[in-house]
Structures are given as C-alpha cells and as structure tokens.
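Participant: I would like to see how this sequence folds:
(one chain, ligands or ions: 1)
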Amino acid sequence: MSDLDHERSMRRAVALAARVPERPFAAVVVDRASGAVVAEGWNRSDENPTWHGEIDAINRLVASEPGIDSSRLVLYTTAEPCPMCQGAILWAGIGAVVFGTSIRFLTATGWRQIDIAAEEVVRRAPGWRCEVVGGVLEAECNELFLTAARAAPGR
Ligand SMILES: Nc1nc2[nH]cnc2c(=O)[nH]1
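Facilitator: Predicted structure coming up:
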C-alpha cells in the first residue's frame, strides 16, 4: 500500500462527503494496481438505515466492475467502518481499508455507533485478510463530524 497516496484519495472522500453534510460518511474505492478510482459511495441512510457510505460504494463497485480482483482494492472512508460495513468489506474481499475519523471519536462526539473497532472485526475473522489503516486526514474528517454534530446534536 505504500505506493498509494492515501491523503489524495481521502481528500476525494472528504469532498464527496459534502453531498451529505448532515451525515458526512463517504467512501472511495481505489485499485492499487493502477491508482484509479473504481467506485464511490455516500451515506444514504435516510432511504434505508443500512445504506452506509461503505455499503453504497461496495454496491456500486459490484454493479460496475463485476469480476474485479477485489483483493487489490483499497476502500477509503471518512470514518472507521462500523461492524456491519467492516463485515461487508471482508465479504467483498477488499484488501485494505483506510479511514479518517475513529469510532471512538464519533462516540465521544455524540454519534450513535456500535463500539467495535474495524481491526477487532478483522481479528475475529481468522483466515480473512484486510489491512486496516486509521488516522488519514484525521483532523479534517473529525471536523466534518464535529460540524455535523453541532448542527444537529443527539444523533
Ligand atoms: N463508517 C460509517 N459509520 C456509520 N455510522 C452511521 N452511518 C455510517 C456510515 O455510513 N459509515
């Protein structure tokens, strides 16, 4: 993964999060072989409570790139994947996930979260592989979630 520019891809996810400033969870999937963005997604839980940003990106990926070798893909997300999303990332076979804001930060700032770290989900799936990297553009991502929480506290 060292050949990838994590900040560049996370910046794209941060920009995408502007589509849903009240729930700024957005994701970008990058092919580490070419550096190309192969899918994007954003939180649509106003339509369906399980439609998280990562799920949206995976659904679009599956629709547009059937048969792609997903082990070479990296999913960038403004916030650490919740257990549902990290499970979906594993089931999709995505090789790595990079996040900005941590679940710990979200919980501390009033966001309803299931407090299980993405790394812990991977650890509990023996034999599955998914590299987890946190804290990329963390200050910018934290600011997105702080701003949204201030605008609508108690979510
Ligand atoms: N990572 C993540 N956590 C969430 N918690 C609520 N919605 C979301 C989402 O779309 N992504």
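Participant: got a list of what residue 1 touches?
Facilitator: 32, 74, 96, 98, 131, 133 (CB atoms under 8 Å, 6 or more residues apart in numbering). Backbone N, C-alpha and C define where each C-beta goes, glycine included.
Participant: From those, pick the one nearest residue 20.
Facilitator: residue 98 (19.8 Å; CB to CB).
Participant: Which secondary structure element is home to residue 153?
Facilitator: Using DSSP states H and E, residue 153 sits in no helix or strand.
Participant: What distance do you get for the residue lying closest to it once chain neighbours are set aside to residue 152?
Facilitator: Among residues not flanking residue 153 along the chain, residue 110 sits closest, at 6.0 Å (CB to CB, 6 or more residues apart in numbering). Going from residue 110 to residue 152 by CB to CB, to the nearest Å gives 10 Å.
Participant: Settle it for me: which of the two has more neighbours?
Facilitator: Taking neighbours as other CB atoms under 10 Å, residue 110 and residue 152 compare with residue 110 leading, 16 against 10.
Participant: can you list the residues of the protein near the ligand?
Facilitator: Contacts of the chain with the ligand, taken as CB under 6 Å from any ligand atom, map to 25, 43, 45, 52-54, 77, 79-82, 85.
Participant: Which of those fall within helices?
Facilitator: Among the residues of the chain next to the ligand, the members falling in helices (DSSP state H) are 53-54, 85.
Participant: one step back: okay if I get the residues of the chain next to the ligand as CSV plus pLDDT and neighbour count?
Facilitator: Formatted as CSV, the residues of the chain next to the ligand follow (pLDDT from 0 to 100; neighbours: other CB atoms under 10 Å):
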residue, pLDDT, neighbour count
25, 98, 31
43, 98, 23
45, 96, 15
52, 98, 25
53, 98, 30
54, 98, 29
77, 98, 29
79, 98, 31
80, 98, 25
81, 98, 28
82, 98, 22
85, 98, 25
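Participant: and residue 18, backbone torsions?
Facilitator: Main-chain dihedrals, residue 18, degrees, to the nearest 10: phi -70, psi -20.
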